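Sharing a sequence plus its predicted fold:
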Amino acid sequence: MPIQNDHEIQQLYDLSQKLEQAANQAKNNADTEEIQQVQQQLREVQDKIQDARGKALNGSGTSTEPLFDAQLRVEECQHQMERALVNLNAQQDNVQP
């Protein structure tokens with residue numbers, strides 16, 4: 001998907017915000033399956049953001065700041081999801097039947 005204009009960059013930025021909200025909801029729900037689904041979506045969006053940043057840096061003339069912000073948001077969400085999974089798995093291991 002070649003990044004040709006600010007509209008496409010804005011779409012990725014908006015998507016990163018929606019995924020941040022989904023990540024928070026999954027974490028609050030303490031649902032490992034939901035967390036894993038959000039993690040997969042975050043990985044896919046991160047790949048798109050990195051691709052877009054590369055294209056924007058190669059002379060498209062568009063600002064990469066929204067992409068940088070989106071990438072930071074996605075990376076932080078990924079770390080939060082990983083911590084949530086570790087915590088949930090630890091709680092399940094500590095549960096006595």
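Alright, I've got the coordinates.

From here on, just use CA atoms for contacts and neighbour counts.
Noted.

Mind giving me the packing neighbours of the helix or strand that contains residue 92?
Secondary structure assigned from DSSP states H and E places residue 92 in helix 65-94. The contact analysis (3 or more Cα pairs under 8 Å, 6 or more residues apart in numbering; DSSP states H and E) places helix 65-94 against helix 6-29, helix 32-55.

pLDDT averaged over it, what's the number?
Per-region confidence: helix 65-94 scores 88 on mean pLDDT.

Now that helix: buried residues?
For helix 65-94, the neighbour count (16 or more other Cα atoms under 10 Å) marks 66-67, 70-71, 73-75, 77-78, 80-82, 84-85, 88 as buried.

Report the two members of the residues you listed separated by the largest distance.
Within the buried residues of helix 65-94, 66 and 88 form the most distant pair, 32.6 Å apart (Cα to Cα).

Out of the buried residues of helix 65-94, which is nearest to residue 21?
The nearest member of these to residue 21, counting by Cα to Cα, is residue 77 at 9.4 Å.

how much space between that closest one and residue 92?
22 Å (Cα to Cα, to the nearest Å).

ok, now residue 27?
Per Cα to Cα, residue 27 is found 15 Å from residue 92.

Same check on residue 73?
For residue 73, the distance to residue 92 (Cα to Cα) stands at 29 Å.

Ok, residue 25 next?
Taking Cα to Cα as the measure, residue 25 falls 20 Å from residue 92.

before we move on, what about residue 38?
Taking Cα to Cα as the measure, residue 38 falls 20 Å from residue 92.

Over to residue 41?
In terms of Cα to Cα, residue 41 sits 25 Å off from residue 92.

and what of residue 66?
According to Cα to Cα, residue 66 stands 39 Å off from residue 92.
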